Structure formats: C-alpha cells, structure tokens
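Chemist: Give me a model of this one.
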Amino acid sequence: MSVTYRRLPWMAFVLVIGLGWSQRASAAPHESPGADACQRSIEQGIAFLKTIQTPDGAYSPAAGTGVTAVVVSALLRIGRSPDDPLVAKSLKYLEGFVQPDGGVHGPESLYANYETCLAIACFSLANRDGRYAQVIRAAEKSIKKQQWDEDEGQQKSDYSYGGAGYGKHKRPDLSNTSFFIEALKAAGAGPDDPAMQKALLFVSRCQNLESEHNTSEFAAKNPDGGFYYTAAAGGSSMAGTTSEGGLRSYGSMTYAGLKSMLYAGVGPDDPRVKAAVRWIQKHYDLQSNPGMGDAGLYYYYHIFAKALDAMGQDEIQDASGARRDWRLDLRQALIGRQQPNGSWLNTNSRWLEGDPALVTGYALLTLSYCRPAK
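Modeler: Below is the predicted model of the structure:
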C-alpha cells in the first residue's frame, strides 16, 4: 500500500470509518449528521484549502503533483466548477506537468504512473466541455505503455503481469493498479479494454482466494477472501504474514481490490466479489484501517466509499448481522474528526497522512460519495 515518495511515503488509498472522535460540537458521536452538517463540514474544508493553496495553484508541491490532483478532484466532485478560480488555478498548474509522451508528472518523477493516473481522474471530472479530451487521451496512452505486460517481457503466468506500480520499486502493486483501473475507467475505457482485463488478472492474484484466476502459493495459506499489497516479486503485505507464511489481508487493499473488480466488469455473483464482500462484512470497522490500525486511515476511508458506492448498495451487513448505513457511518466519522481550522489530519503520519492538504482532499472526496440528499 505504500512507498516512500522522496522520503515522504506515498500510498494508495481506501476508506472506512474511524471513531477517534475529536471533541467538536458540530458532530458528537451520538449525532447523525444530515445534509446541513455535511455541507458545513465541506465548506469548512474548502475554506482551509484556500489558505494553503500556493500562488500557482499547487497543494504540497514538494511531494509532486499527486496531492494537487487529489484535492482538485475532491473540489470538482463536491460541485465546484472547473472555472471556479480556486479550481481553475490548480488545473492550470497540473497542465504545466504534461510531458511529451502524454504523462502528467514531474520530469524526473519516479511515480509517473501514479501521478498520471490521478491527473486523468482529475481532468476527466473537469472535462465537461471537452477541453481536456486530448490531454486525457494522451495520458491514457502513457499509462498503458507503463503497464506490466508483454512489452516488459512479462507473460500471463508471471505474477507481475497486468499490474501497475511505482518506478522506484520496479514491481507492480494493488494500490497503484487500482488507480490505474480507475484512470482507465475515467478516460472511458470499458471492461473489455485489453489493458483493463490484464489489470484484472493482476488484481485477482492479490486476493486470498484460490480460483481459476489465482493459483498463487499465497491464496491457499490464508484463504479469507481479502486482499494484500502485491503478489509480485515474492509477494508482500503491509499487514505482515500469517504463521503459515500467508500474506495477511487488510482493509484498504481489500476495498481497492473490490473496487477494481467492479470497475473491470466483475459482477456481484462472481466468487471473487462474494469473497471480498464477506471479508468486508467480517471486518466492518469504524475505528481503523482493518489490519493496519490508524496507518493510512484516510486513504482507507476514500477507497471504502468508492468501493461501496460502486456496489450500488445503501447498506452493508456487519459481523453482528446488523445492517449498516455506510454513508451515515462514514460522514459521522469524518465530521467528528475534522479539525477546528477545517482540515483533517491523521496523527499517524505514515504514507503522507501528516499532510493536511492530502488528508483534507481524501476527506472531501469521501464526503462527496456519502452526502445525504438535501
């Protein structure tokens, strides 16, 4: 789920709900925040972002273009126009990183795929009149060239096949591949797109589930239906290993895996989806990123929201059998965690979640998926 980004760990992202409530009168734990409370929270978050945007439109530019793309995507999803001054300035900033090959990243970035995927998602949200169509198309071609496939000497039997990753570690991972699939979808690629199907094969191999799609050694050692970071390069899970040598499943990657499968056209009756949903039901957690504690909590929240939104279900059954309104649970957790200055911040700074710009972007993205109707 992570990698160091110029000494600042970059991650890949998913969302559930954390109940480490900050004591703010706007949302005590017993409250059920409705549309008005949610909108106040959003406006407070936007007000904070206005105070930290650089003159050229960036957010945390030392970390590359990713934070800016996340923040702008959030602003667009919550209803800001591409022509809104706050948004337009940041879009222009991102346009300045378009490379000759179509990628959108710093010239020497080790995270070209990751940054370009986030930029595609951002520009797609802003492409209401086709103004970014050419940029999106070129960027899509760029990330497809970086996918691990035959051009990189990979065969379908290789566990790296179909994945996407950071340049630094020279192997693909589920976090980056989930962003890759999301970017393909945002650019207009359907489930039958060859790149999408290759990526789906990689995602399937990162699930603790033996199937015709996954015969890796790890699946049989911890067959719980959840997902881990990567099956490539010997396999790795940020949650560690089991006593049998299996790779532990954890929350953010399980939601990333589920979301990716749904985006790639896998239906709700597929055994892979059913197994992932069972894991999620068993580990429905409002306090942590299951298996990781508070590490990557806000990344977890936003992937949680995207995955369950893609499921098209308003409720999910938890381990006790209770039906949970996940949108209500999520916005309650987020509003309760908002800081007095309108930002959000994780006390665990792993994977750059000590950066209020990134975390506030995650939080607003999450709220965009769980706002109640007015």
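
Chemist: so where is the stretch 151-300 of the chain shaky, pLDDT-wise?
Modeler: Applying pLDDT under 70 to the stretch 151-300 of the chain flags residues 168.

Chemist: The residue lying closest to K198 once chain neighbours are set aside - how many residues pack around it?
Modeler: The shortest distance from K198 to any non-neighbouring residue, by Cβ to Cβ, 6 or more residues apart in numbering, is to G162 (3.5 Å). Glycine gets a C-beta too; all of them are placed from N, C-alpha and C. Look at G162: counted by other Cβ atoms under 10 Å, it has 26 neighbours.

Chemist: Same question for A322.
Modeler: A322 has 10 nearby residues by other Cβ under 10 Å.

Chemist: Is I316 part of a helix or strand, or is it coil?
Modeler: strand (DSSP: H, G, I helix; E, B strand; the rest coil).

Chemist: wait, isn't it in contact with R278?
Modeler: No: here I316 does not reach R278: they are 11.1 Å apart, not a contact under Cβ atoms under 8 Å.

Chemist: higher neighbour count, the two?
Modeler: Neighbours were counted for I316 and for R278 using other Cβ under 10 Å; I316 has more, 17 against 13.

Chemist: residues touching that one, list them.
Modeler: Counting by Cβ atoms under 8 Å, 6 or more residues apart in numbering, I316 touches V277, I280, Q281, Y284, L308, R323, R324, W326.

Chemist: just how off-centre is the helix or strand that contains the second one within its chain?
Modeler: I280 is located in helix 271-282, with elements delineated by DSSP states H and E. Put simply, helix 271-282 sits 19 Å off its chain's centre (Cα atoms, centre = their mean, to the nearest Å).

Chemist: ok, the contacts of I316 vs Q44, which is closest?
Modeler: Nearest to Q44, judged by Cβ to Cβ, of these is W326 at 22.8 Å.

Chemist: Double-check that closest one against C370; I have them as touching.
Modeler: Yes: the pair formed by W326 and C370 meets the contact definition of Cβ under 8 Å, at 7.4 Å.

Chemist: out of the two, which sits in the busier spot?
Modeler: W326 (27 against 24).

Chemist: distance of the more buried one from M253?
Modeler: 18 Å (Cβ to Cβ, to the nearest Å).

Chemist: same question, G342
Modeler: Distance from G342 to M253, by Cβ to Cβ: 30 Å.

Chemist: Of those two, which one has the most company?
Modeler: M253 (35 against 20).

Chemist: Give the buried residues for the longest helix along the chain.
Modeler: As assigned by DSSP state H, the longest helix anywhere in the chain is helix 35-52. Across helix 35-52, burial judged by 16 or more other Cβ atoms under 10 Å covers A37, C38, Q39, R40, S41, I42, Q44, G45, I46, F48, L49.

Chemist: Then stretch 353-371?
Modeler: Those would be 353, 355-371, for stretch 353-371 by 16+ other Cβ under 10 Å.

Chemist: now stretch 325-344
Modeler: 326-339, 342-344.
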